[in-house]
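Q: sequence first, then the predicted structure:
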Amino acid sequence: MAEVTLVEVEKTFRGKTTVIPNLNLQIEDGSFTVLVGPSGCGKSTLLRMIAGLETVTRGAISIGGRDVTTAEPSDRDIAMVFQSYALYPHMTVARNIDFGMRLAKVPAEERRAKVAEAARLLNLEELLERKPAELSGGQRQRVAIGRAIVRNPGVFLFDEPLSNLDAALRNRMRVELAELHQRLDATMVYVTHDQVEAMTLADCIVVMNAGQIEQVGTPMALYQRPETLFVAGFIGSPKMNLIEGDVAKAYGATTLGIRPEHLEVSHEAGEWRTQVRVVEMLGADAFAYVDSEATGPLTVRLPGDAEVRSGDVLHLTPRHELLHAFGNDGRRLPDEALAKPQASMA
């Protein structure tokens, strides 16, 4: 078992600046849990505390039921993969992967077997005699992951491992990481500021903001039912439309949320009259960025072959059952609190 439990964990720097106040989190054994949030939200600090690279000011951390709050990183049954690959340039791929085992005086035959298995899992078998300078960025990152795999840890920790890669390579590496998790069935904790990465990789997402947890849940639970305005605006690409003013008040909310794909579009009539500013064509989909006197700017998801151009007038009607209502405190209102307006706000 390699569940990770944080109980009332707090991190304060120099006794003055509290970056993580009183945080509680349960990371299930075998899960792929992603910590996501904007820069400076505390996600990397939290990961480093789990790894033992940052001390805990207050609270407790356990891994696999064992208290590791004050344990050295080497005694925590974890392996960490960083944003930088940190490979030894003068060593071959095979030597980079087995370097930690050689330091630990693991027998040569066992080392060779573990390197061979890691290379098979990561499609590095043809590259074992190459040096890092001869590898692509994605291949180097796989070597760094291989170095973690051979340790056979209870928990893998990833700190923005794909941020140095170009977009196409990031997409491919996301698939490879998801497949690796399925093969290893290991607990993985992954930090990113990219919510698309979080949505595509995770079976559990922890959304962080200013050192605190906004919401924990599956990707679709967060997408379909955000509990706070922050989560509503952070999860989803493009982000949820958030509407204030008279339109929101008509529905009994301070802020009204609607996803771009949950707006019904007509050229003749609808609840909100809008004018198209720009249409972004993406092949299967198109996104129309529109303005409305009632709602302000909105984003609308359309079929890729939709006949819509800049300057067109579109009438939009939100799907009532898919609206999200938030109160003054930025928290989600109960579904029964969502009123249906008596008159069009167009």
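A: Now that the structure is in, tell me what you want to look at.
Q: give me the distance between the residue nearest the centre of the chain and Gly138.
A: For the chain, Ala198 is the residue whose C-alpha lies nearest the centre (C-alpha atoms, centre = their mean; 2.4 Å). Distance of Ala198 to Gly138, computed by C-beta to C-beta, to the nearest Å: 20 Å. In short, each C-beta sits where N, CA and C put it, glycine included.
Q: give me the nearest residue to Tyr88, chain neighbours excluded.
A: Asn96 (5.7 Å; C-beta to C-beta, 6 or more residues apart in numbering).
Q: okay, and that neighbour sits in which element?
A: Using DSSP states H and E, Asn96 sits within helix 93-103.
Q: quick one: mean pLDDT for the longest helix seen in the chain?
A: The single longest helix within the chain, with elements called by DSSP state H, is helix 167-184. What helix 167-184 shows for mean pLDDT is 86.
Q: likewise stretch 87-98?
A: pLDDT averaged over stretch 87-98 gives 93.
Q: what comes up buried for it?
A: 87, 92-98 (16 or more other C-beta atoms under 10 Å).
Q: show me the contact partners of that stretch.
A: With C-beta atoms under 8 Å, 6 or more residues apart in numbering as the test, stretch 87-98 has contacts from 99, 106, 111-112, 114-115, 118-119, 124, 127-133, 135, 140, 143-144, 146-147, 150.
Q: and if you look at stretch 276-291?
A: 238, 260, 274-275, 297-304, 306, 308-314, 316.
Q: what of stretch 312-325?
A: 225-226, 232, 240, 248, 251-253, 255-259, 262-276, 288, 290, 292, 298, 300, 308, 332-333, 337-338, 340, 346.
Q: which of the residues you listed count as buried?
A: Going by neighbour count (16+ other C-beta under 10 Å), those have 226, 232, 240, 248, 251-253, 255-259, 262-263, 265, 270-274, 276, 288, 290, 292, 298, 300, 308, 332-333, 338, 346 buried.
Q: by contact count, what packs against the least confident helix or strand in the chain by mean pLDDT?
A: Between all helices and strands in the chain, the lowest mean by mean pLDDT, DSSP states H and E belongs to helix 167-184, at a mean of 86. With contacts taken as 3 or more C-beta pairs under 8 Å, 6 or more residues apart in numbering; DSSP states H and E, helix 167-184 sits against helix 108-121, helix 137-149, helix 195-201.
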